[in-house]
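Visitor: Next comes the sequence, and after it the predicted model I'd like to discuss.
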Amino acid sequence: MIRLFTKIIKTGNRTEALGKADHATELLGEQLSSAIRKKFQGSLAIREVDAGSCNGCELEIIAANNCYYDLERFGVHFVPSPRFADMLLVTGPVTRNMETALKMTYEATPGPKLVVAAGDCAINCGVFGKDNYAIAGSVADIIPVDAIIHGCPPTPTDIIRGILQAIET
């Protein structure tokens, strides 16, 4: 235990200083927070659904929720059940074995509900292609979509911007 503490003291703080993106993210976050306060009385509950992606978009969604971007401070939180969600954040092309699950998740989400398709695969099946035998189609082919987020994968800032776009429509 003493060796561990000694190493920690010798190593010191190795984190990087926040860059130029911090100011832009902060402004975007303030807009998001204001929109959430107006439309949702303070907090937005999101249910993230992976409909068959490569998990690149999920990594960026997790990054948007880490301490650098920290979506929680703007009033956004992720929920484990669609019954508590205000928004569905769907990634990946919809595979045939996820088609029914996505429809059931959409139906279980109370109205009024918002749906955001995150990533190129969710928008147009991306690298997987619509002619793939295992793909049922894009998210918009299965359920109604309110906003889209381009990118493969989209950056955390793009994800925040897409959530804001969905709220403002």
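Guide: Sure thing, it's come through.

Visitor: tell me the centre residue of the protein?
Guide: With distances taken as CA atoms, centre = their mean, residue 61 lies nearest the centre of the chain, 4.4 Å away.

Visitor: Give me the contacts around the helix or strand hosting that one.
Guide: Following DSSP states H and E, one finds residue 61 within helix 56-64. By CB atoms under 8 Å, 6 or more residues apart in numbering, the residues outside helix 56-64 that reach it are 48, 50, 69, 71, 89, 91-92, 118-119, 121-122, 152-156, 159-160. All C-beta atoms are positioned from the backbone trio N, CA, C, and that covers glycine.

Visitor: so where do the helices sit in this protein?
Guide: Counting by DSSP state H, the chain has helices at residues 2-11, 21-40, 56-64, 96-108, 120-124, 139-142, 156-168.

Visitor: quick one: terminal-to-terminal distance for stretch 44-57?
Guide: One end of stretch 44-57 to the other measures 20 Å (CA to CA, to the nearest Å).

Visitor: tell me the mean pLDDT over it?
Guide: Stretch 44-57 comes out with an average pLDDT of 92.

Visitor: cool, and stretch 136-154?
Guide: For stretch 136-154, mean pLDDT rounds to 93.
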